[in-house]
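Q: I'll drop the sequence and a predicted model, then ask my questions.
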Amino acid sequence: MHAPQKSIHTGRSRLLAARSLVAPPRWATGLFALGLCAVLCASPAHAQRGRGDIAIILDIDEPEVVAEPRFAALPDAARWFELVARDARLSFTGRTSGAARAVLDAPASTVERRAIAMIALGCAGTVVERKTLERAARDGSELERRAAILALGEMSAGETAEFEEWVTRGEPQYAECALLAMLRSDRRAERRRVEEIAADSTHPMSAMASDLLVFHLSPSTSKPTRAAVLLLRLRFEAARSHGLVDGENWRLATIRKLAEDREFARDVVLFASSRLRLPAARDHVFAALVASQGRARLHAAARLMPAELSDLVDNALWLPKDVKDWRDLLAEIDAARLERLTLPVIRAAIEVPEVRYQAVALASLAGDEDLSPLIGLDTTKLSPEERVSVCLAIGARSDPGWLERFALLGEDTDPKVRAAYLIARFRQRQRDALEAVHAAVADINSPWHVDLIEAACAAVHDPAVAVLLEDRFLDAQGDEKTLLATTLCLEGRLVGRARVRDALSTEPPPDGPEAARQVRALRLNATAEDIGVLKSLFPSVEGDRDLDRELVLALLERSEPDVFPILRAALWDMDFDISMLAAGVLANVTGVRALVAELRVPPDEATSGDLRRIGFAIGEWGGIAAIEALARELRWASGHPALQGALLGALSTRTQ
């Protein structure tokens, strides 16, 4: 049996070590080598140390390196120019100083938030806080020291002698920040000093001074440096939290833009509508399923009306439009554990070659006895992903004959397939597989470790596998621990919630598919502490729509008013069925009275048809009692369009 050639575990699909590592300066290499020799004489030649999501490997040929803060990680050229362009849109106001000072005074403030607050003080020109910044530049953590030096430059308050000392005696990361601060202070003498350093080829900071001069004089033609990247990112975070972006409060402006994004608003409504329980919701979701496109409608249909969806597919009254629809629908069925309720859908998917084995795995998990697609199957003609699906399918069966029939998967050329087959044997309680899996999962140096963790996460619905992951979670470190926590939380287990919450509390805020997955995990049975973290993340910094959608759904479940503008936009501006679903979601989280309140202050452009539609929603979701309350407010004899719509809405429910 071939073993996979991987060594260290850190993420979900790219679980490999050490990121954003920066080598020490040349002058320190010799001193470090002497110390390293002493260490190596007393310990093995290869030692591994890890903290958080950073793994640092010591090797006899490689000096120890120090990880850069995420704020200072160098971007690619395209991202660098985005940072430069974005900086021109930032401004600070009179409230900036007070808000930043409050962060510095708060005992619970993280190092990152303190660094952001220091830059805010500098950008706002809060000279009275100069001593605070000087003290942080001497005694703070590494990130705080660098931020404080840059902040002194932003407020033009640092002493020339202090900057000079940091340049000549400080470590390179502080010297770079001091050079940039000297340029940003706009004092002629300090700029001349930086120019002298740049012109002196014997000075160790000459090249860096030249690069920073270009950044200061012509940012659009410059290249990224650690100090400049750190400054631009901290300035943006400071403006986002304590100032203005494009002359507006960043959070309010971003939420408004989300509400104006029709596709985003529609997806939020469809995802949120899966919690509605009145029969009317199924009518509107069916209309959206037939008339629109995208995964959101599949999510709503699978979760709100699985039996009806199965009947539609079984009778060919509705079918997914393309292969992507099929994949998304099967993924929604898998995520919600709806295999037993949607067997006709899964059996129809087996007839689609592109998703056949994904569907077979779900059919096997549902207990379907018909696994004829696996009989006589030549696995060499399948892709690695399809072979992994076959392993998931045979692992769900109690008949060991399936394992024997596909024994060659245990010798597959792809390590992920071999790991998936070993997990299939583990699920069937084969003794040698139990021992092998437990040993490899507990040993991060095992060549099987990374792929077995990933294969086990894919089969976490199996109780034995979930217990295996819970046990491993206690000893896991870094990204592996976060991955396990997220996977277990998505499965409804309580283990790891604090870890997921911590992963989402980092600065700068996380983004991307993994962050969206973590939010999805944390919003299940969310506590007040969880909601506090999720609220701080909304809206996402990078405009990640998937992440924003998950955050909106989490906040909606707690009736947070910050996300109501998105529902209101869908209520007034979207087509009839999405508008009715938006009304249902709004009524579900705040009560039908919220719809009546919408009628009191309608949008300026609202027509009588719009008012009639909102009235229809009041009658549909609130019934006769809501109509009577509306009539007392508008009077029966008024002939108000909303009253007309409300009567029609109430009558429509009598046909369901």
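A: Perfect, thanks for sending it. Residues are numbered from 1 along each chain as shown.
Q: chain neighbours aside, what residue packs nearest to Ser292?
A: Closest residue in space to Ser292, ignoring its immediate chain neighbours: Arg266 at 7.4 Å, by CB to CB, 6 or more residues apart in numbering. Using the backbone N, CA and C atoms, a C-beta is placed for each residue, glycine as well.
Q: and the pLDDT at that neighbour?
A: On pLDDT, Arg266 comes in at 97.
Q: next: Pro44.
A: 36.
Q: before we move on, back to that, and the residue nearest to Ser292, which helix or strand is it part of?
A: helix 262-272 (DSSP states H and E).
Q: so which bits of that helix are buried?
A: By neighbour count with 16 or more other CB atoms under 10 Å, helix 262-272 contains the buried residues 264-272.
Q: same check, this time on stretch 499-518
A: Neighbour-count burial for stretch 499-518, counted by 16+ other CB under 10 Å, picks out 499-501, 503-504, 507-511, 514-518.
Q: give me the contact list for stretch 351-363.
A: 323, 326-327, 330, 333-334, 339, 343, 346-347, 349-350, 370-371, 373-374, 382, 386, 389-390, 392-393, 396 (CB atoms under 8 Å, 6 or more residues apart in numbering).
Q: those residues in strands, which ones?
A: Nothing among the contacts of stretch 351-363 maps onto strands, per DSSP state E.
Q: what's the ChimeraX line that selects buried ones from those?
A: In ChimeraX, a selection of the buried entries from the contacts of stretch 351-363 looks like this (16+ other CB under 10 Å):
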select :326,327,330,333,334,339,343,346,347,349,350,371,373,374,382,386,389,390,392,393,396
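Q: for the biggest helix by length in the chain, packing partners?
A: Across the chain, the longest stretch assigned as helix under DSSP state H is helix 608-634. Packing partners of helix 608-634 (3 or more CB pairs under 8 Å, 6 or more residues apart in numbering; DSSP states H and E): helix 564-573, helix 576-590, helix 593-600, helix 641-652.
Q: Ala498 versus the residue nearest in space to the middle of the chain, what's the distance?
A: In the chain, the residue lying closest to the centroid (CA atoms, centre = their mean) is Ala515, at 1.8 Å. Separation of Ala515 from Ala498 (CB to CB, to the nearest Å): 17 Å.
Q: using PDB, write out the CA atom coordinates for the helix holding Arg266.
A: Only the C-alpha atoms of helix 262-272 are listed here, as PDB (Å, rounded to 0.1, in the frame of the first residue of the first chain):
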ATOM      1  CA  ARG A 262     -30.700  42.600  -6.400                       C
ATOM      2  CA  GLU A 263     -29.100  39.200  -6.800                       C
ATOM      3  CA  PHE A 264     -27.600  39.200  -3.300                       C
ATOM      4  CA  ALA A 265     -31.000  40.300  -1.800                       C
ATOM      5  CA  ARG A 266     -32.800  37.600  -3.700                       C
ATOM      6  CA  ASP A 267     -30.400  34.900  -2.500                       C
ATOM      7  CA  VAL A 268     -30.700  36.100   1.100                       C
ATOM      8  CA  VAL A 269     -34.500  35.900   1.000                       C
ATOM      9  CA  LEU A 270     -34.400  32.400  -0.600                       C
ATOM     10  CA  PHE A 271     -31.900  31.000   1.900                       C
ATOM     11  CA  ALA A 272     -33.800  32.500   4.800                       C
END
